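Colleague: Model the following, please.
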Amino acid sequence: MENKRLPNKILKKGGKTMFKKFTIALVICAMTVLLVPALPAAAAPSGNVTGKFGINAAPTVSVSLSETALTPQTSYTVTVNVADADTLEDIDELVLKLWYDSDGGTPLEGDFNSAGADAQNCAVVTWNPTDDATLAPAGTSWELTSYSAPTLTGTLGNFTFTIKIGKVATATSGSAKWQIAAVATDTANQKGFGYDSDSASMSWYGEIEVPSDAEVDWGTLAAGTQFNVGKSEAPLGKDITYISNGTYKKNVKSSATWEGTATANLNEGGTTTAAQSFALKAATTDTYSTAEIVKTTDVVIDSNGTQTTEIGADVTTMTLWIQLANSFTVATYSGTITYSISN
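Modeller: Residues are numbered from 1 along each chain as shown. Presented below is the predicted three-dimensional model:
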């Protein structure tokens, strides 16, 4: 900044002459120009991607069994119709179940889910495109005898499963039924449930296993031998096995005549007054008081049998008693004693 003097200025005031000095300050401003370098553009704080999704169609299922009355150890074919708009290649698994329902009615998917493989009460067939089809419970008399699958490139097709019913599949009575239903599961874990609306009954089944070498031998007896006296009692000495899907009875009968060098005749009334006549009594115990007179037709010797497993129930004590007429030809006689099971 620089100060310069200006000439004095003469002023007159009230007849007096006055001088006034002026000082002028000159300010010189310097302007500085700052050069700012150019900055790069800032990074974007967000970005977009494309989102998309598709809808997987759930499968639908229907089940059909033409028969409404089933019999153990007989084969039946169940048809399962499956539809899937994404083609049947979208099906991960198909499960078919036959199960015993004590109160019948319409099966629910919850009932289906809770039914587990069991020789008495449920058979489960499982199919998938990798492992084929299998039946549980394995190692029983239930059997998947054959099956077929449709072309998987289509959107609709029939799966058929031919199943042999197990020996001890529970017999039905009253409102009880065997339900037949299936569930198809797709790759999106969507499920389709269907069932046979008629369901089915299950008939009674019984089987008996008598050892081929079983024999009752009283040895040599005296004519006139009486029941429960001396050597009249003889054990079978072998186990008899009973297999059944329900309650059952144990029965016995004898051939009407036993042959030797002469003929012995069975008296079904238990009396042996006639020459060459004999009578028999049988029991599932060794207690004479429980024995029943044996006839040429089935006689019940125990009516308390209950449903068995597939292994069956063994009776280890079978006993017979014999009575002979006083008049008998000396000989060795043999005949047939038949044990059986019935409902």
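Colleague: what's downstream of the helix or strand of the chain with the lowest mean pLDDT, the next helix or strand?
Modeller: Least confident helix or strand of the chain, by mean pLDDT, DSSP states H and E, is strand 23-26 with a mean of 40. Counting by DSSP states H and E, the next helix or strand C-terminal to strand 23-26 is strand 60-65.
Colleague: Quickly run through the sheet partners of the following helix or strand past that following strand, with directions.
Modeller: Counting by DSSP H and E, the next helix or strand C-terminal to strand 60-65 is strand 69-70. Note on strand 69-70: by DSSP bridges, its sheet partners are strand 201-202 (parallel).
Colleague: For the next helix or strand along the chain from the partner strand, buried residues please.
Modeller: With elements assigned by DSSP H and E, the helix or strand that comes after strand 201-202 is strand 206-209. Buried residues in strand 206-209, counted by 16 or more other C-beta atoms under 10 Å: 206, 207, 208. All C-beta spots, glycine's among them, are computed from the backbone N, C-alpha and C.
Colleague: and strand 206-209, what does it pack onto?
Modeller: Judged by 3 or more C-beta pairs under 8 Å, 6 or more residues apart in numbering; DSSP states H and E, strand 206-209 is in contact with strand 240-244, strand 337-342.
Colleague: Export these as TSV, with columns for mean neighbour count and mean pLDDT.
Modeller: Putting the helices and strands packed on strand 206-209 into TSV (neighbours: other C-beta atoms under 10 Å; pLDDT from 0 to 100) gives the following:
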stretch	mean neighbour count	mean pLDDT
strand 240-244	21	98
strand 337-342	17	98
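Colleague: average model confidence for stretch 49-68?
Modeller: Mean pLDDT, computed over stretch 49-68, is 96.
Colleague: hmm, who's touching it?
Modeller: Outside stretch 49-68, the residues that touch it by C-beta atoms under 8 Å, 6 or more residues apart in numbering are 76-86, 90-91, 96, 180-188, 190-196, 198-201.
Colleague: Quick one: buried ones out of those residues?
Modeller: 76-84, 86, 90-91, 96, 180-186, 190-196, 199-201.
Colleague: pLDDT at the nearest residue to residue 286 once chain neighbours are set aside, what is it?
Modeller: Distances taken as C-beta to C-beta, 6 or more residues apart in numbering place residue 319 nearest to residue 286, at 4.8 Å, with adjacent residues excluded. Note for residue 319: predicted pLDDT of 98.
Colleague: ok so, going back, looking at the helices and strands packed on strand 206-209, which is closest to residue 304?
Modeller: Nearest to residue 304, of all the helices and strands packed on strand 206-209, is strand 240-244, at 11.2 Å by C-beta to C-beta.
Colleague: Each with direction, which strands does that closest one pair with?
Modeller: When DSSP bridges is applied, strand 240-244 pairs with strand 206-209 (antiparallel), strand 313-315 (antiparallel).
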